[in-house]
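J.: Let me see the structure of the following:
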Amino acid sequence: MPGLDDLIPNAAQIRKEAALKEAEKAEEYVRLAAAVEAEKRALIERLSKPSGKSEEEKIKLASTIIQRAVRNGLTEVLVYRFPNSLCTDKGRAINQMEKGWETTLTGIPKEIFQLWTDYLKPRGYRIAYQIIDFPGGVPGDIGVTISWDD
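T.: Next up is the predicted model:
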């Protein structure tokens, strides 16, 4: 039968167990953060390359998105959101609305601009690339909006 001394753990032992638990939590956090960062880098790498879709597939997708927006009474639709790292200048030219900002686009954001230039612009559609969030006061993600109302 345990004595009273055995019922109350030693404070030093409790501190040691707590420190081990905290170390385990910190290790798990670091592991998860590294996994999230690796996934983010892989996604940005994939988005920085052409999509591999045919012109017909891109046009059909654009048509579907626009028609759905029209059915919902909209005159514009956010068609894409991407990290500013997909611009050669991290979105600075877009944020400053500088002439030639479109030359800073890469990968899929560049493809969308080309699709608009080739197929949508001649049909009266407008496009806007703009910074849509400012984490910590600096430009963050960029949104691409297609509109069709005057």
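
J.: does the closest residue in space to residue 61 that isn't next to it in sequence sit in a helix, a strand or a coil?
T.: Counting by C-beta to C-beta, 6 or more residues apart in numbering, the nearest residue to residue 61 once its immediate chain neighbours are dropped is residue 53, at 7.6 Å. No exception for glycine: its C-beta is placed from N, CA and C like everyone else's. Here residue 53 is recorded as coil under DSSP: H, G, I helix; E, B strand; the rest coil.

J.: isn't residue 87 right next to residue 93, touching?
T.: Yes - if you go by C-beta atoms under 8 Å, residue 87 and residue 93 touch, sitting 7.3 Å apart.

J.: Just want to know which of these two has more residues nearby.
T.: residue 87 (25 against 19; other C-beta atoms under 10 Å).

J.: The residue lying closest to that one once chain neighbours are set aside: what's it in contact with?
T.: Spatial nearest neighbour of residue 87, excluding adjacent residues (C-beta to C-beta, 6+ apart): residue 104 at 4.4 Å. Residue 104 sits next to 87, 88, 89, 91, 92, 93, 94 when contact means C-beta atoms under 8 Å, 6 or more residues apart in numbering.

J.: Can you give me the domain boundaries for this structure?
T.: Here the domain parsing of the chain from automatic domain parsing is 4-47, 55-147.

J.: now those in TSV, with mean pLDDT?
T.: Shown next, in TSV, are those (pLDDT from 0 to 100):
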stretch	mean pLDDT
domain 4-47	77
domain 55-147	92
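
J.: and among those, the most buried is which?
T.: A comparison of the domains of the chain by mean neighbour count, using mean count of other C-beta atoms under 10 Å, puts domain 55-147 on top with a mean of 15.

J.: Quick one: end-to-end length of it, please.
T.: End-to-end distance of domain 55-147 (C-alpha to C-alpha, to the nearest Å): 20 Å.

J.: now stretch 88-106
T.: For stretch 88-106, the end-to-end distance is 7 Å (C-alpha to C-alpha).

J.: Same question for stretch 79-95.
T.: The first and last residues of stretch 79-95 sit 18 Å apart, counting by C-alpha to C-alpha.

J.: For stretch 132-146, which outside residues touch it?
T.: Outside stretch 132-146, the residues touching it (C-beta under 8 Å, 6+ apart) are 62, 65-66, 76-84, 86-87, 90-92, 94-95, 109, 112, 116, 120, 125-131.
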